[in-house]
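# Got a predicted structure here, sequence first:
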Amino acid sequence: MPRSLLFATALFALSSCSPAPGPKLIAITIDDAPVTKPLSYSDNWERTVVTDSLTGALLRHGAPAMVFAIGSDLQVPELASLVGNWTTAGFTMANHSMSHRSFNTLSREQGVLEMSQAQAVLSRVVAPEGRSRYFRFPFLEEGRTLNDRAFWLSVLDSMALTLAPVTITTDDWRYDNEYAAAEEAEDWDRRYRIGQEYLEHVRSSIRHWDDLGGQLFKRNVSHILLLHANRVNRDYLGHILASLEADGFEFVTLAEALEDELYEEDVTWIGPSGVSILESIKQSRLASGTFSSR
Ligand SMILES: [Zn+2]
């Protein structure tokens, strides 16, 4: 057999036994809107720079995003006025609880109030076309036990809210703390260095979670990336989106990402703190013996 034919036969055999990896899809989600730590800014103009930089980067890259707002922030008129910066740019806002307390520390009654009060504020402050019926737990903490988690999910269901989990976490809040301190000190060299380290960290986080998704599902999974409406993303979201595009990712809505059946998998493990749903699936499968780490 000629060498070229041998090669073609081998290639066909290889492609016919390994499943197609599928498209690389990712939904962007922005938490703690309108801006993270609003009191750390001296005026609303500085906050506007954050919202407009984020919406600008998303629009430039054609990336839909779901924005999760904290109810108590939307009760402050100055902050509520920033809602329009998101919604007129075409983004919708969803429920990130009333006061951003961990559900691991709340009674069931308190948790229900956190969900319902925030939904009431959203209904009052955000026009219907700017609202979406998704909910994200603060710190991704879904309760101390599986029973608690099941209870919160049933409450969301009764309120016609959909849970928005995350596959890719980035610790952006930690980099943002240092970034903001460097900015406050007007140490621009340091701020630049932190920004570069952040970008590299985000890239390696995306690789890490994408590899785990591939190990668990033997294909590309539809990712949901968690970022915050903070200073470091004000300056680096555009770089992150460009990096994702260069890696072959296609931006989709949160609803489109949630069509992936990974989000239907029964999770039987809950950690002490909030994690990627891929970690919960991995731990659940490890416990049941249906997955082994490489
Ligand atoms: Zn948050």
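Here it is on my side, so go on. Numbers count the residues shown, from 1 in each chain.
# which residues touch Tyr198?
Applying Cβ atoms under 8 Å, 6 or more residues apart in numbering, we find Tyr198 in contact with Asp172, Tyr175, Tyr179, Val232, Tyr236. For glycine as for every other residue, the C-beta is placed from the backbone atoms N, C-alpha and C.
# Up against the ion, what does the stretch 101-250 of the chain have?
Applying Cβ under 5 Å from the ion, we find that the stretch 101-250 of the chain lies next to the ion at Pro138.
# Residue of the stretch 101-250 of the chain closest to the ion, please.
Pro138 (4.9 Å; Cβ to the ion).
# Could you measure from that residue over to Glu265?
As judged by Cβ to Cβ, to the nearest Å, Pro138 and Glu265 stand 23 Å apart.
# rewinding a little: do you know how far the closest residue to the residue of the stretch 101-250 of the chain closest to the ion other than its chain neighbours is from the ion?
What sits nearest to Pro138 in space, not counting adjacent residues and going by Cβ to Cβ, 6 or more residues apart in numbering, is His100, at 4.5 Å. Separation of His100 from the ion (Cβ to the ion, to the nearest Å): 6 Å.
# Checking Met93 next. Helix, strand or coil?
strand (DSSP: H, G, I helix; E, B strand; the rest coil).
# i'd like the first residue to be 114 from this point on
Done: numbering now begins at 114, and the last item shifts to Met206.
# check contacts around it.
For Met206, the contact set (Cβ under 8 Å, 6+ apart) comprises Ala146, Val180, Phe181, Ala182, Val196, Trp199, Thr200, Leu235, Val239, Gly243, Arg244, Ser245.
# Now whichever strand or helix holds Arg287 - C-alpha only, CSV.
Assigned by DSSP states H and E, Arg287 belongs to helix 285-297. What follows is helix 285-297, C-alpha atoms only, in CSV (Å, rounded to 0.1, in the frame of the first residue of the first chain):
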residue,chain,number,x,y,z
ASP,A,285,-10.2,37.6,39.6
TRP,A,286,-11.4,39.2,42.9
ARG,A,287,-8.1,38.4,44.6
TYR,A,288,-6.0,40.0,41.7
ASP,A,289,-8.4,42.9,41.8
ASN,A,290,-7.7,43.6,45.5
GLU,A,291,-4.0,44.0,44.7
TYR,A,292,-4.7,45.8,41.4
ALA,A,293,-6.9,48.4,43.3
ALA,A,294,-4.3,48.9,46.0
ALA,A,295,-1.6,49.6,43.4
GLU,A,296,-4.0,52.0,41.6
GLU,A,297,-4.7,53.7,44.9
